[in-house]
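A.B. asks: I would like to see how this sequence folds:
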Amino acid sequence: PSPPELLDWLAVQFQDEGWDIKKLMQRILLSDAFRRSSLSAPEQWKHDPENRYLARGPRLRLDAEQLRDAALLAGGLLQMKMGGKGVKTYQPPNIWEPVGFRGSNTANYKRDNGDALYRRSLYTFLKRTAPAPFMANFDAPNREQACYRRERSNTPLQALQLMNDVQFFEAARGLATRMIAATPETGGRVDFAYRVVLSRPPLPAEVSLLEAFYQKGLAKYRKTPAEASAAVGFGDSPVPKGLDIPELAAWTLVANLILNLDESIVRN
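C.D. replies: Down below sits the predicted model:
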């Protein structure tokens, strides 16, 4: 917060409560001002266009780590284990080779397998001379100097990466698997995905659009089973046995679309 009086009050509370950082964060996060929506009435824009009085909340794109963790959580893949060493997740092949010493392990990137691939981004192994492309693309600090505030960019490359990155497409397949297991009805599956990802039910128009999108994808994959197998073959997590592959592939496209909605990647 910027008002001096509010900062002074928070500082006094922080001191009186024994410098308890967790309690300070809880006080801020549960405040009415912090939880306000970024949507506002025309009168608010007229009287407070610069939001000096905090009449509305900020509209912010999620950070790189939050985007990855949210997608994995929606797909049922996120591992919540705490502690341990850093893990090496999906990266382009030979990403360390240009900056490593020949004949040493500094030039060879060997990613982890199993549950380690799906641990929270907090535990991702980072190399300053070869930053993870996904993290760098979404403005994560490069660790070469202290960063007190992250920049937030909005580029076409970010949209392409969210639609095509191995980790995100694998998360979409995981969400599709959960949708199929939740209910046999197409509308019910769309409703399930919206509640998981967006924490709200879909509008009737949204259900109709996604049902039509699903039927179009299903018709395509029925004719091209090889493409269906390729569409669900991303990542190390196994495809559950007994599922109709063309159906799973079509629902994966729907899940991928939902994970790429503005509501999914932006906090309002």
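A.B. asks: mind listing what the residue nearest in space to the middle of the chain touches?
C.D. replies: When Cα atoms, centre = their mean is applied to the chain, the residue found nearest the centroid is Leu67 (2.1 Å). The contact partners of Leu67, taken as Cβ atoms under 8 Å, 6 or more residues apart in numbering, are 138, 162, 265. (Glycine included, C-beta is placed from N, CA and C.)
A.B. asks: surely the last one is in contact with Leu62?
C.D. replies: Yes - between Ile265 and Leu62 a contact is recorded at 5.7 Å, counting by Cβ atoms under 8 Å.
A.B. asks: and the chain, what are its domains?
C.D. replies: Domain assignment for the chain, taken from automatic domain parsing, gives 4-58, 77-157, 160-267.
A.B. asks: next helix or strand past the worst-scoring helix or strand of the chain on mean pLDDT?
C.D. replies: Least confident helix or strand, the chain: helix 42-47 with a mean of 84, by mean pLDDT, DSSP states H and E. For helix 42-47, the succeeding helix or strand toward the C-terminus, using DSSP states H and E, is strand 60-61.
A.B. asks: what mean pLDDT does that following strand have?
C.D. replies: Mean pLDDT, strand 60-61: 88.
A.B. asks: now whichever helix or strand comes after that strand, how far from the chain's geometric center?
C.D. replies: Per DSSP H and E, the first helix or strand lying C-terminal to strand 60-61 is helix 64-74. Put simply, helix 64-74 sits 3 Å off its chain's centre (Cα atoms, centre = their mean, to the nearest Å).
A.B. asks: ok, stretch 243-262 next?
C.D. replies: Per Cα atoms, centre = their mean, the centroid offset for stretch 243-262 relative to its chain is 16 Å.
A.B. asks: so where's the stretch 51-200 of the chain uncertain?
C.D. replies: Within the stretch 51-200 of the chain, no range satisfies pLDDT under 70.
A.B. asks: how near is the closest residue to Leu243 other than its chain neighbours to Leu117?
C.D. replies: Nearest residue to Leu243, sequence neighbours excluded (Cβ to Cβ, 6 or more residues apart in numbering): Ile180, at 6.6 Å. Taken as Cβ to Cβ, to the nearest Å, the spacing of Ile180 relative to Leu117 amounts to 23 Å.
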